[in-house]
Each structure stands twice: as C-alpha cells, then as structure tokens.
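Student: Sequence and predicted structure, then a few things I'm wondering about:
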Amino acid sequence: MAAKKGVRIIITLECTECRTNSNKRSSGVSRYTTKKNRRNTTSRLELKKFCTHCNKHTVHKEIK
C-alpha cells in the first residue's frame, strides 16, 4: 500500500547574492533546507537568512 503524499514539502533556499556575484570572497553558494505548507504558500518562498559566504544576512529564494 502506498503512503499518502503530505501537504508539507521539503524545499531548498539559495542565496541570491552568491548566485549573481562572480567576484566574491569564497566560492560556493549558501543553501538551507526547510519545509513549507503547499496549500497555504503556493508561491515561491523568500526568507532573509545568514550567508556564510557573504558574511551577512541576505535574501534566500526557493529553488527547484
């Protein structure tokens, strides 16, 4: 018997400044994983999180 697919899904948040800035301090992109409710939040999630590569709080957007 197959398990039901839940409403909450795991998403990945990626730093927007690391992705666009090519001449930054260190190589790599800051990524976080979190869960969101698919029914309540249908659009892509954007949160301010700390980026270890930029050493500051930046906007992290949901990627697929």
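Tutor: Alright, I've got the coordinates.

Student: number of nearby residues for Ser30?
Tutor: Residues near Ser30, counting by other CB atoms under 10 Å, number 19. Where you see a C-beta, it was placed from the backbone N, CA and C, and this is true even at glycine.

Student: List the residues that contact it.
Tutor: For Ser30, the contact set (CB atoms under 8 Å, 6 or more residues apart in numbering) comprises 14-15, 18, 49, 51-54, 58, 60.

Student: Quick check on it: phi, psi?
Tutor: phi -80, psi 130 (degrees, to the nearest 10).

Student: coming back round to it: among the contacts of Ser30, which are in helices?
Tutor: Using DSSP state H, Cys18 are the members of the contacts of Ser30 that sit in helices.

Student: Save the contacts of Ser30 as a markdown table, and put in neighbour count and distance to Val29 too.
Tutor: Below are the contacts of Ser30 laid out as a markdown table (neighbours: other CB atoms under 10 Å; distance: CB to CB, whole Å):
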| residue | neighbour count | distance to Val29 |
| --- | --- | --- |
| Glu14 | 16 | 6 |
| Cys15 | 23 | 6 |
| Cys18 | 22 | 4 |
| Lys49 | 16 | 12 |
| Cys51 | 23 | 9 |
| Thr52 | 12 | 10 |
| His53 | 17 | 7 |
| Cys54 | 16 | 10 |
| Thr58 | 16 | 11 |
| His60 | 25 | 10 |
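
Student: And the contacts of Ser30, which is closest to Thr42?
Tutor: Distance to Thr42 across the contacts of Ser30 (CB to CB) is lowest for His60, with 18.6 Å.

Student: bridging residues for the closest residue to the closest one other than its chain neighbours?
Tutor: The shortest distance from His60 to any non-neighbouring residue, by CB to CB, 6 or more residues apart in numbering, is to Leu13 (3.9 Å). For Leu13, the beta-bridge partners are Tyr32, Glu62 (DSSP bridges).
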